[in-house]
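[1] Would you be able to build a 3D model of this:
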Amino acid sequence: MFDFGKSYGDVTEDEWVAWFMEAHDEAPDELDALKKRLQVALQFDTKILDADSRVSRVLDNSMKTLEADGQEWVIHQEGKLMVEIITKAIKPAPLQLAVSKQL
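    So this is what the prediction gives:
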């Protein structure tokens, strides 16, 4: 096998796991680009009066953006990043401040 420089029978399980996990390792510039796309996609629509509907719309848009890029893993593995992006999307500003204090 070219990537390992040896026969597939000689590759250990740990080497296979490390090789497959490389697919999940994102370069910082790729993560920054994804973060920018999420910030654009996640807009807190204040025209929707129901708070649950507003939050549902934000979450739905985040999943659509992540699925379009094949990056659904971000929800599970980059929870802190997602909370930061969603918190910044909250409008009006006093509500955003109140939510930030609760976190």
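
[2] Can you list the buried residues in the helix or strand where residue 99 lies?
    Following DSSP states H and E, one finds residue 99 within helix 93-102. Buried residues in helix 93-102, counted by 16 or more other CB atoms under 10 Å: none are found. In this view, the C-beta of every residue, glycine as well, is placed from N, C-alpha and C.

[3] Show me what it is packed against.
    Secondary-structure packing of helix 93-102 (3 or more CB pairs under 8 Å, 6 or more residues apart in numbering; DSSP states H and E): helix 79-89.

[4] Let me see the mean pLDDT of the longest helix along the chain.
    Of all the segments assigned as helix in the chain under DSSP state H, the longest by residue count is helix 51-68. Averaged across helix 51-68, pLDDT comes to 88.

[5] circling back to that earlier point, return the distance of the helix holding residue 99 from the chain's centre.
    21 Å (CA atoms, centre = their mean, to the nearest Å).

[6] Show me the shaky parts of the protein.
    1-2, 24-29 (pLDDT under 70).

[7] In the longest helix of the chain, which residues are buried?
    Here helix 51-68 shows 54, 57-58, 61-62, 65-66 as buried, counting by 16+ other CB under 10 Å.

[8] and the gap between the residue nearest the centre of the chain and residue 61?
    Taking CA atoms, centre = their mean, the centroid of the chain lies closest to residue 74, which sits 3.2 Å from it. Counting by CB to CB, to the nearest Å, the separation of residue 74 from residue 61 is 14 Å.
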